[in-house]
Every structure is written in C-alpha cells, then in structure tokens.
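J.: Got a predicted model here, sequence first, then my questions.
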Amino acid sequence: MEKLRRIMKFFLPLLFLTYWGGVTLFTHSHVVNGVIIVHSHPSEANHQHTESQAETILFLDYYVASAVPFMQIAVPCFCALLGLLAVPRRTCLCLSLPEDGIRLRAPPFRVF
C-alpha cells in the first residue's frame, strides 16, 4: 500500500502536467473545406491531417456527455484515490507550560 501511494504521489502530478502541457503548448489550427479546426497535440511544424482525422477531431471537440452517470462512477473512485494518497498525521505539537508560573502574555481583555 505504501509503495502504491509513493508511486501515485509522483505519477498523478506528472500525468496532469503532461496533459496540461499537451493542451496548452501545442495549439494550432488547420483549414479543412473552409472550416477552421483548432486543436493541440505535439507534432512537426508543418503537418496535415487526413479527412477522417479532421472529422474525428471535430466530433471530439463537440462531444457533450451527461455528467450524472460519470459522477456516479467518478466520485467513489476519487474518494478511494484520496484515501490512498492521504498522509496520516504522525506529529503532535505539545507545548509545555512553564512550571514556575511566569506568563509573558496578559489575559484576554474581552471575550466574545
């Protein structure tokens, strides 16, 4: 369990940064049949997509799904993942009182 937690601690941020970088850093556009298609992926500077690839990109850009079925599956998975990544509290802050009774702070002036 500890090994899985250690792996996930580094894998999930790396996965997010890879996704974020792919979406943010490699945005470009193509004109296909008079339609401008904007998308992002790492690629060479001058490249073209086939008609089927452009159609797939267009469909994926406009794909909308209901969030309710997804959330019924995602929420328990997310909670389980948080349970794996949660770090148990191991330190306790214990302040000792001076035994001679000398206090350097005055008592509160007003209680709300």
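T.: Alright, I've got the coordinates.

J.: all strands of the protein, in order?
T.: Assigned by DSSP state E, the chain shows strands spanning 27-32, 35-40.

J.: so what secondary structure elements neighbour the first one?
T.: Right, the one you point to is strand 27-32. strand 35-40, helix 51-61 (3 or more C-beta pairs under 8 Å, 6 or more residues apart in numbering; DSSP states H and E). Where you see a C-beta, it was placed from the backbone N, CA and C, and this is true even at glycine.

J.: what about 7 Å?
T.: In terms of contacts (3 or more C-beta pairs under 7 Å, 6 or more residues apart in numbering; DSSP states H and E), strand 27-32 is packed against strand 35-40.

J.: And the strand it packs on, how far out from the chain middle?
T.: Strand 35-40 sits 25 Å away from the centroid of its parent chain (C-alpha atoms, centre = their mean, to the nearest Å).

J.: what comes into contact with it?
T.: Contact with strand 35-40 is made by 22-23, 26-30, 54, 57-58, as judged by C-beta atoms under 7 Å, 6 or more residues apart in numbering.

J.: CA atoms only: put it into PDB for me.
T.: Once non-C-alpha atoms are left out, strand 35-40 reads as follows in PDB (Å, rounded to 0.1, in the frame of the first residue of the first chain):
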ATOM      1  CA  VAL A  35     -13.700  25.200 -41.700                       C
ATOM      2  CA  ILE A  36     -11.000  26.200 -39.200                       C
ATOM      3  CA  ILE A  37     -10.200  23.400 -36.800                       C
ATOM      4  CA  VAL A  38      -8.200  24.300 -33.800                       C
ATOM      5  CA  HIS A  39      -6.700  21.600 -31.700                       C
ATOM      6  CA  SER A  40      -3.500  20.700 -29.900                       C
END
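
J.: could you check the angle helix 51-61 makes with it?
T.: Following axes from the mean of the first three to the mean of the last three C-alpha atoms, to 10 degrees, one obtains 70 degrees for the angle between strand 35-40 and helix 51-61.

J.: In TSV: the strands of the chain, plus mean pLDDT.
T.: What follows is the strands of the chain, written out as TSV (pLDDT from 0 to 100):
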stretch	mean pLDDT
strand 27-32	82
strand 35-40	81
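
J.: Any idea which of these gets closest to residue 79?
T.: With C-beta to C-beta, the closest approach to residue 79 among these belongs to strand 35-40: 31.0 Å.
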